[in-house]
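Q: Whatever this is, show me its structure:
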Amino acid sequence: MFLRETVIVGSILTIILSFIIEFIFGIIGIRLWELSILMGFILAGIYVGYNVGGNILKYGATAGMLTGIIGTFFIGLVSITLYWFKYGAMPSPASLIVFFIIRAAVYGITTSIGSIIGVIIKSRKSRKYSHS
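A: Model prediction:
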C-alpha cells in the first residue's frame, strides 16, 4: 500500500517539479521543456527512492520505474492537450503510441536513476547515524 501511494505522489510531484523548473528556466531565459521534465523526473525519483527504497536498491529502482511510467502518462496527457490547443488537431495515433513508448522508457530509466540516488542517500544517512 505504501509503495502505491508513494508512486502516485511521486508522479504528481513530477508534474509539479517539472512546471516549477520550467517556470524558473523561463525567467532565466532557457526554453528547454524536455530538460525541465527530465529534471522533474530525477527529483521525483530521488523522493520515491528515499521514501520507498530504504536501504534496498531493488525496491527503490522498481518504485522509480513505476513512477516514471505513471508520470509519463500524466505528462503525455498534458503535452497532447497543449499540442491540441496550439495546433487545433490531435496528432496521429501512430505518433501518439511512439510518443508514449519512447517517453515511458526514457522517463522510467531517468526516474530509476533518481531512485537509486535516493536509496544511496538514505543508506548513507542510516549508516552515519548507526555508527554515531
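Q: Same question for stretch 14-29: list its buried residues.
A: 14-15, 17-18, 21-22, 25 (16 or more other CB atoms under 10 Å). For every residue, glycine as well, the C-beta is placed using N, CA and C.
Q: and of those residues, the nearest to Arg4?
A: The closest of the buried residues of stretch 14-29 to Arg4 turns out to be Thr14 (CB to CB; 15.7 Å).
Q: Go through the buried residues of stretch 14-29 and name the one nearest Lys125.
A: Nearest to Lys125 among those, with distances taken as CB to CB, is Leu17, at 21.7 Å.
Q: helix or strand for that closest one, which one?
A: Assigned by DSSP states H and E, Leu17 belongs to helix 2-28.
Q: Next SSE downstream of that helix?
A: In N-to-C order, the element after helix 2-28 by DSSP H and E is helix 33-48.
Q: Quick one: list the elements packing against the helix or strand following that next one.
A: Proceeding N to C from helix 33-48, the next assigned helix or strand is helix 57-87, under DSSP H and E. With contacts taken as 3 or more CB pairs under 8 Å, 6 or more residues apart in numbering; DSSP states H and E, helix 57-87 sits against helix 2-28, helix 33-48, helix 93-131.
Q: any idea of the mean pLDDT for the longest one?
A: Per-residue pLDDT over helix 93-131 has a mean of 79.
Q: I'm done for today, thanks for sticking with me.
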